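Trainee: sharing a sequence plus its predicted fold:
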Amino acid sequence: MGTPHNSAKKGDIAKKVLMPGDPLRAKFIAETYLENPVCFNTVRNVLGYTGTYKGKEVSVMASGMGCSSIGIYSYELYHFYDVDQIIRVGSAGSLQDDVNIMDVVIAMGACTDTSYANQYCLPGTFAPIASYDMVAKAVEAANKLNVPVKVGNVLSSEVFYNENTSATQAWRKMGVLCTEMECAALFMNAARAGKEALGIMTISDHIIKGGEISAEERQTSFRQMMEIALEV
């Protein structure tokens, strides 16, 4: 069995999947943290691996960028590969003065400017939220690892280069911690499938104060976020 986007057979993928955006970050997580990782997907270079972490089977697979991309991969994992939990581990841009570069953010909810929810034909606005149990376990894991985290609302934006220059300040006024591009679709797919999802992000740049880290640092230095996710 496979899909147009995933060459894995049923049983090749664990019940829990870590999902970074970057395929090379997926490879890094697998080679750094998993015992005996086996690559189950190379279609479109969206790399996926399954191995064990502290004796428990876990998979890691890239999602690509944006709600549309993670929407495809997470849907297939939930519906075609019997995955129960997906944890997005990615980068984000801070919107708040007290959320600094390299800080770890756990998404409790995900605002969005995307039209992803339109497919459900709901008579109102759906609020995409993470699994409370997974949020609680992530906070507990962070405390054990002595990693301070911020927990709250994030923005899953449809655009990276936004023509609307006032959008950032509008979301900032509502207390949104940071902006990224995937959590909302992941949370909606999980809700519709009756499964669980979580988003853990490391701040890679500060949209208000300025400053950013390099692409190479993004790939290899987000260890605190990765370790929290593996412990959930």
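Mentor: Yep, that arrived.
Trainee: secondary structure class for Gly109?
Mentor: Secondary structure assignment for Gly109 (DSSP: H, G, I helix; E, B strand; the rest coil): strand.
Trainee: hang on, it packs against Pro128?
Mentor: Yes. If you go by C-beta atoms under 8 Å, Gly109 and Pro128 touch, sitting 6.6 Å apart. No exception for glycine: its C-beta is placed from N, CA and C like everyone else's.
Trainee: show me what contacts Glu212?
Mentor: Glu212 sits next to Ile101, Ser204, Asp205, His206 when contact means C-beta atoms under 8 Å, 6 or more residues apart in numbering.
Trainee: any idea how far the nearest residue to Val159 once chain neighbours are set aside is from Phe80?
Mentor: Sequence neighbours aside, Asp113 is the residue nearest to Val159 in space, at 7.6 Å (criterion: C-beta to C-beta, 6 or more residues apart in numbering). Applying C-beta to C-beta, to the nearest Å, the value for Asp113 to Phe80 is 29 Å.
Trainee: hmm, which helix or strand of the protein has the shakiest average pLDDT?
Mentor: Least confident helix or strand of the chain, by mean pLDDT, DSSP states H and E, is helix 215-220 with a mean of 70.
Trainee: flag every buried residue along whatever helix or strand comes next after it.
Mentor: Sequence order places helix 223-231 as the next helix or strand after helix 215-220, per DSSP states H and E. By 16 or more other C-beta atoms under 10 Å, the buried positions in helix 223-231 come out as Gln224, Met225, Met226, Glu227, Ile228, Ala229, Leu230.
Trainee: just the element for the nearest residue to the first one once chain neighbours are set aside, please.
Mentor: Just to be clear, that refers to Gln224. Leaving aside its sequence neighbours, Gln224 sits nearest to Val147 (C-beta to C-beta, 6+ apart; 4.7 Å). Using DSSP H and E, Val147 sits within no helix or strand.
Trainee: contact partners for Val147?
Mentor: Contacts of Val147 by C-beta under 8 Å, 6+ apart are Val104, Gln224, Glu227, Ile228.
Trainee: so the first one sits right up against Met201, yeah?
Mentor: What it means is Val104. Yes. Contact criterion C-beta under 8 Å: Val104 and Met201 qualify, at 7.3 Å.
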